[in-house]
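# Quick one: sequence and predicted model below, then my questions.
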Amino acid sequence: MEQQKVTHFLHVPWTGLGNFQGFRGDRWYRNRIKVFKQFVIPSLVAQTNRNFILWCAFRFQEKSNPLTWEIKSALDDAGIKNVFTFSGIAFLDDKYSDDIARSRLLDALHGSMGELINSMGDSETVYFTIQPSDDVYYSRAIESIHSAFRDSNLQAVGFRAGYVCDYKTLEVKEWNPTTNPPFFTIKFDREVFIDPLKHFKYAAHKSHEDVPTKFRYGIMDGRGYLVGVHGENISTVFNHPFTGQVCYDVLESFGLKDVEPLKIPTSIRKKVFRRMPFKAQKKLRYWAGEKKWILRPIFAYLYDTIRS
C-alpha cells in the first residue's frame with residue numbers, strides 16, 4: 001500500500017559504466033550533457049508527478065570536472081530535485097567479471113549512501129528507477145509507476161515497449177525489444193535500501209534482462225519510454241532490429257513538443273563505424289570489449305583505431 005512515505009530516486013549512470021573506465025573524454029561528456037539538457041530535462045519537467053529525486057552518479061574523477069557542475073546548475077534552474085554522488089553506478093556492470101562487478105557495486109553503495117540518506121527524510125519506502133542520460137520517459141511515467149505499486153505486492157515494474165527517436169532529425173519509430181529493456185523500477189523497504197549488503201543481496205542483478213525473473217514483476221501498459229539516438233551512443237542505432245513502424249505526433253507526450261533537432265558534430269570515426277552493418281558493429285564491440293580469448297588484443301586494437 002502506498003500510504004507510506006516514499007522517496008523515488010531516478011538513477012542517472014553518468015560515468016563509470018562499461019568499457020574505457022566508463023568515461024570517453026570531455027568531448028563525449030560535453031555532447032552528452034547537451035543531449036541531457038535538450039531532451040531529458042524537459043521530459044522530467046513535464047512529469048505529471050514530480051515526487052522524485054534525480055540521483056546523478058559519477059566516478060570520483062568527475063567531481064573536479066567543471067562540466068559536471070553544468071549539469072547541477074541546469075537541474076537547479078529547472079527546479080528538479082537532485083543528489084550527486086561520486087562513487088560509481090548503483091547496479092552491476094556486465095562489462096566486468098562477476099567478482100569485479102560485485103566489488104564495484106558494493107563500493108558505490110557504501111560511498112553513495114550518506115548523501116542518499118540525507119535526501120530521504122523519514123521515507124519508509126524507496127523506488128529506484130533507471131534514468132539513462134540520453135533517454136526519456138513519457139510524461140505520466142512517474143505517476144504510472146506509483147500507481148502500479150499502490151495496492152499491489154509487486155517488487156518491480158517496468159515498461160516493455162517504447163519508441164526510438166533520431167534526435168538529429170526527430171524521426172520516431174516503434175521500439176519493440178525482444179528482451180526486458182532497462183526501463184524498470186525496483187521497490188525497496190528503507191532498511192534494505194540504506195544497508196549496502198542488504199541492498200546488494202536484494203537487488204543485484206547481472207543484466208536488466210534478468211529483472212523480471214528476480215522480482216515479482218509487473219509489465220506496465222503502453223509505450224513508456226523513448227530511446228534517443230544521436231550519433232554518440234555507445235551501442236544503440238536508429239535502424240536497430242528492434243525498430244518498427246514510423247510514428248507521428250509522439251514527442252508531445254514526452255514533454256518535447258517544441259524541441260529542436262539536435263546539433264552536435266559527429267566525428268569521422270563515428271560515421272565510419274555507424275556505416276558498418278549493425279551485426280558487424282555488435283560483433284566488433286563484443287570482441288574488443290568482452291570476449292576473453294587470445295585474439296582479443298587484435299580486435300581491441302582495431303576497435304580503438306576506429307574509435308580514436
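That came through, no problem.
# does residue 83 belong to a helix or a strand, and which?
Assigning secondary structure by DSSP states H and E places residue 83 in strand 82-85.
# How far off centre is that strand?
Per CA atoms, centre = their mean, to the nearest Å, the displacement of strand 82-85 from the mean C-alpha position of its chain is 15 Å.
# Go through the following helix or strand past it and flag the buried ones.
The C-terminal neighbour of strand 82-85 among helices and strands, as given by DSSP H and E, is helix 98-120. Neighbour counts using 16 or more other CB atoms under 10 Å place 101, 104, 105, 106, 108, 109, 111, 112, 113, 116, 120 of helix 98-120 among the buried residues. For the C-beta atoms, the positions are set from N, CA and C on the backbone; glycine is no exception.
# How about stretch 43-58?
43, 44, 46, 47, 52, 53, 54, 55, 56, 57, 58.
# Quickly check those residues for the two that are furthest apart.
Greatest spacing in these, by CB to CB: 46 and 58 (25.2 Å).
# pLDDT wise, what is the nearest residue to residue 81 once chain neighbours are set aside at?
By the measure of CB to CB, 6 or more residues apart in numbering, the closest residue to residue 81 outside its immediate chain neighbours is residue 53, 4.7 Å from it. The per-residue pLDDT reported for residue 53 equals 98.
# Can you verify my assumption that residue 53 contacts residue 85?
No: distance between residue 53 and residue 85: 11.6 Å, which falls outside the contact criterion (CB atoms under 8 Å).
# Common neighbours of the two, please.
When CB atoms under 8 Å, 6 or more residues apart in numbering defines a contact, no residue borders residue 53 and residue 85 alike.
# And the helix or strand containing residue 28, what does it pack against?
Element membership of residue 28 [criterion: DSSP H and E] is helix 25-35. The helices and strands touching helix 25-35, judged by 3 or more CB pairs under 8 Å, 6 or more residues apart in numbering; DSSP states H and E, are helix 66-78.
# got the buried residues for the helix it packs on?
By neighbour count, with 16+ other CB under 10 Å as the criterion, the buried positions of helix 66-78 are 68, 70, 71, 74, 75.
# How about stretch 88-101?
Applying a neighbour-count criterion of 16+ other CB under 10 Å, the buried positions in stretch 88-101 are 88, 89, 90, 91, 92, 93, 94, 96, 101.
# Out of these, the closest to residue 31 would be?
For residue 31, the closest of those turns out to be residue 89, at 19.7 Å, with distances computed as CB to CB.
# any idea how far residue 95 is from that closest one?
Distance, residue 89 to residue 95, using CB to CB, to the nearest Å: 11 Å.
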